[in-house]
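just the structure for this:
(chains A and B)
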Amino acid sequence: MKRKNRGFTIIELLTSFSLASVVMLFLFNILVIVKKNYTKNSVRSELVVNQSLLSSELYHDAYASTLVSVGGTKNDYTFGFRDSAGTTVTKNLKITSNSITYGDFTYKVNEDSDAQIATNETKMSQYSSGNISYMELRIPIYSSITGEKKDYGIRFVYLYDTGSISYTVR
Amino acid sequence: MKKNSRLDTRGFLLMETLFVSLAVAGILVYMYVQFSTIGTSYEQLYRFNTVDGVYRVGTLKRYIAKDANASFYSTLDNGNVLTITSDSSYFTTTTWKSNLYNSLDLSKVYVVKMQKDVDVRDKIANTDNTFRAFLNSVTLPEFSETGSTYLLVVKYNDGTYASITFTKE
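Okay, here's the model as predicted:
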């Protein structure tokens, strides 16, 4: 009866602490990984969401209205659309090293991220073959947030009948 | 009585230690599996059917509607999986097509016709196993007896995938 009241043995304490340490170490590792992933994914999400929004704007305008003209110079373009009522609307696309403005929409690169708009690699071109043509707009936005350098930029490829768009990009 | 008193003071039994260790290991394994699943789901979110990817495969769909010849549809109607990544015989604009593929950043392109009681996703995955994980996440439309529906799946050079269905125009 006297022995029963004497508390834990050293072996019991050592075993308990060892097990608790293993669990704590594991949980701490998880916490570190989760925090790291959260930071990584929030930056990545922002890049992907902005990419999606700008792509949607461009594709929606081009297909919902009719794209009738593309003009301007490198990193400063003007798109002309004709809506169902026959009214022509123009929208400007301006690209700088930290932002892209298209109509009322502005995509500003988060200063806390490592993302960069590669203004020297942007590209606007058109290709024709017989009665089919397509126009390509490339705006690379590079980030190494996932460990490897990836492009979260815009790749707008628009297919149209040859001659239906006035293309005057210089 | 004396024996019992001795047993009370000798620490854990082997069985007790094993039982607790197993329980703790089980919890850790369970947590690891759960976190891995979250990681995989996140990765799929960024790689499968992204907005940008779907718009681009939509452009390819428009190109097929404009430029694919009769043998394109007859080959598909015979139940074949078409690999139109490098094969240009189904299109009239051959050189231009490779420019378009480069602009769309396409790596691989497969087309198959939807068939009754056949999982066409398996047909593509059996042709190219790298598509299996993506195809498992794709929801197919109901099979229709009245029209011909085709499934177009693509892999881009950046490792993302996208799919779209279309009908013969």
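
got the contact list for residue A:91?
Counting by Cβ atoms under 8 Å, 6 or more residues apart in numbering or on different chains, residue A:91 makes contact with A:61, A:78-79, A:81, A:102-103. Glycine gets a C-beta too; all of them are placed from N, C-alpha and C.

mind checking how far it is from chain B?
Plainly put, residue A:91 is 17 Å away from chain B if you go by Cβ to the nearest Cβ, to the nearest Å.

and the next element down the chain from the host helix or strand of that residue?
Assessed by DSSP states H and E, residue A:91 sits inside strand A:88-95. Under the assignment DSSP H and E, the closest C-terminal helix or strand after strand A:88-95 is strand A:99-102.

who's in contact with residue 24?
Going with chain A. Neighbours of residue A:24 in contact, by Cβ under 8 Å, 6+ apart: none.

my bad, the chain I had in mind was chain B
Contacts for residue B:24 (Cβ under 8 Å, 6+ apart) come out as A:19, A:22-23.

tell me the spacing between it and residue A:20.
According to Cβ to Cβ, to the nearest Å, residue B:24 and residue A:20 sit 9 Å apart.

do the same with residue B:151
According to Cβ to Cβ, residue B:151 and residue A:20 sit 53 Å apart.

who's more crowded, the two?
residue B:151 (23 against 11; other Cβ atoms under 10 Å in any protein chain shown).

and chain A, is the helix or strand hosting the more buried one touching that?
According to DSSP H and E, residue B:151 maps onto strand B:149-156. No. Judged by Cβ under 8 Å from any Cβ of the partner chain, strand B:149-156 stays clear of chain A, getting no closer than 9.2 Å.

hmm, the very next helix or strand once past that strand in reach of chain A?
Downstream of strand B:149-156, the next assigned helix or strand under DSSP H and E is strand B:161-167. No. Strand B:161-167 does not reach chain A (Cβ under 8 Å from any Cβ); its nearest approach is 12.2 Å.

strand B:161-167 - what's its average pLDDT?
Strand B:161-167 carries an average pLDDT of 92.

by contact count, what packs against that strand?
Packing partners of strand B:161-167 (3 or more Cβ pairs under 8 Å, 6 or more residues apart in numbering or on different chains; DSSP states H and E): helix B:51-67, helix B:132-136, strand B:149-156.

return the distance of it from the chain's centre.
12 Å (Cα atoms, centre = their mean, to the nearest Å).

residues making contact with that strand?
B:47-50, B:53-54, B:56-58, B:61, B:64-65, B:114, B:131, B:134-135, B:138, B:140-141, B:147-156.

number of nearby residues for the nearest residue to residue A:131 once chain neighbours are set aside?
Among residues not flanking residue A:131 along the chain, residue A:162 sits closest, at 5.1 Å (Cβ to Cβ, 6 or more residues apart in numbering or on different chains). Each residue near residue A:162 was counted by other Cβ under 10 Å, and the total is 13.
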